[in-house]
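S.K.: Give me coordinates for this.
(2 chains)
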There are 2 protein chains.
Amino acid sequence: MKKDYIVQPIAIVRNDQHSQTDTAWGKIESKIILNDELPITCLDGIEKFSHLEVLFVFDKASKTVIGSEHPRENPKWPKVGIFAQRKKDRPNHIGATIVNLIKKEGRVLTVKNLDAIDGTPIIDIKPIMIEYLPKGKISQPKWSKELMREYW
Amino acid sequence: MKKDYIVQPIAIVRNDQHSQTDTAWGKIESKIILNDELPITCLDGIEKFSHLEVLFVFDKASKTVIGSEHPRENPKWPKVGIFAQRKKDRPNHIGATIVNLIKKEGRVLTVKNLDAIDGTPIIDIKPIMIEYLPKGKISQPKWSKELMREYW
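M.R.: Residues are numbered from 1 along each chain as shown, chains lettered A, B, ... in the order given. Just a heads-up that it's a prediction; the model follows:
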């Protein structure tokens, strides 16, 4: 009954961040380089959007957490399930982050606020439309705000 | 050089929408049912978040657009590349939508604003943290606002 789906990279991340970190991602500028086999027209008009959502593979993630645990193994924070966290060790090793598009030059997008290391395979890029942002008031638990404090 | 990655469903969508539509998704309430092989603890603490991002497979998408075209084949709108659109016929058939979490009951999440039809396989659920929302002013082209006008 359980079906496999195959996904393939459409681009790659290039930046100066060569290992996983939990701080200061906001300082890193990244280049997203479209794969050669895709036509450059894939990116037509993307420069009219200020923000993009980037879906990528946590290709260095080597395990999968399926239960409940303390985020970042910090016992001060409650145990929560993997789908109440955004960490990489999830059933499908896919990350999703909204980035600022700085510029487009040919097959290269320069972006900020992408929390993916150098060499990360990208599987999708979607434009951010205000109509797709959260509807209504957003609430989140205190631990998640503490965890994110120095992330960007 | 091009690598395949395998993703597997972690949950399924149940709702009353049995075919693709471009309007009134906001009226539909959906249930997200966690797959049996995953422990219920996967969802621990998720109810503390008001919004979730749901990644799903457009499993009814039968083609892939890789060039540039008019959104919804509407010649009034400019031709744009597939990565400047959110439509289903993309290189990897993956959708990503931010939903409102209404309630959690056991293995079932009731949500609103999920634009996925009945039976859609879900491959990830991520909590929405304000810190992951777009940073700075958002801009988007006029065509995308027109396209989204009656979507929700």
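
S.K.: Any regions of chain A where pLDDT drops low?
M.R.: Low-confidence segments of chain A, defined by pLDDT under 70: A:1-2.

S.K.: Identify, by residue count, the longest strand of it.
M.R.: Using DSSP state E, we find that the single longest strand of chain A is strand A:94-105.

S.K.: Give me the sheet partners of it and which way each runs.
M.R.: Neighbouring strands of strand A:94-105 in its sheet, by DSSP bridges, are strand A:51-57 (antiparallel), strand A:108-112 (antiparallel).

S.K.: give me the number of residues near A:T97?
M.R.: For A:T97, the tally of surrounding residues (other CB atoms under 10 Å in any protein chain shown) stands at 17. For the C-beta atoms, the positions are set from N, CA and C on the backbone; glycine is no exception.

S.K.: what's the answer for A:G26, then?
M.R.: The number of residues packed near A:G26 is 15, by other CB under 10 Å.

S.K.: how about the helices in chain A?
M.R.: A:142-147 (DSSP state H).

S.K.: That one: strands as residue ranges?
M.R.: Going by DSSP E, chain A shows strands at A:5-7, A:11-14, A:29-34, A:51-57, A:68-69, A:80-81, A:94-105, A:108-112, A:121-127.

S.K.: Now tabulate those in JSON lines and tack on distance to B:P78.
M.R.: Below are the strands of chain A laid out as JSON lines (distance: least, CB to CB, whole Å):
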{"stretch": "strand A:5-7", "distance to B:P78": "28"}
{"stretch": "strand A:11-14", "distance to B:P78": "22"}
{"stretch": "strand A:29-34", "distance to B:P78": "20"}
{"stretch": "strand A:51-57", "distance to B:P78": "18"}
{"stretch": "strand A:68-69", "distance to B:P78": "47"}
{"stretch": "strand A:80-81", "distance to B:P78": "43"}
{"stretch": "strand A:94-105", "distance to B:P78": "15"}
{"stretch": "strand A:108-112", "distance to B:P78": "19"}
{"stretch": "strand A:121-127", "distance to B:P78": "13"}
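
S.K.: Which among these is found nearest to B:Q8?
M.R.: Among those, the nearest to B:Q8 by CB to CB is strand A:5-7 (7.3 Å).

S.K.: Before I go, just wanted to say thanks for your time.
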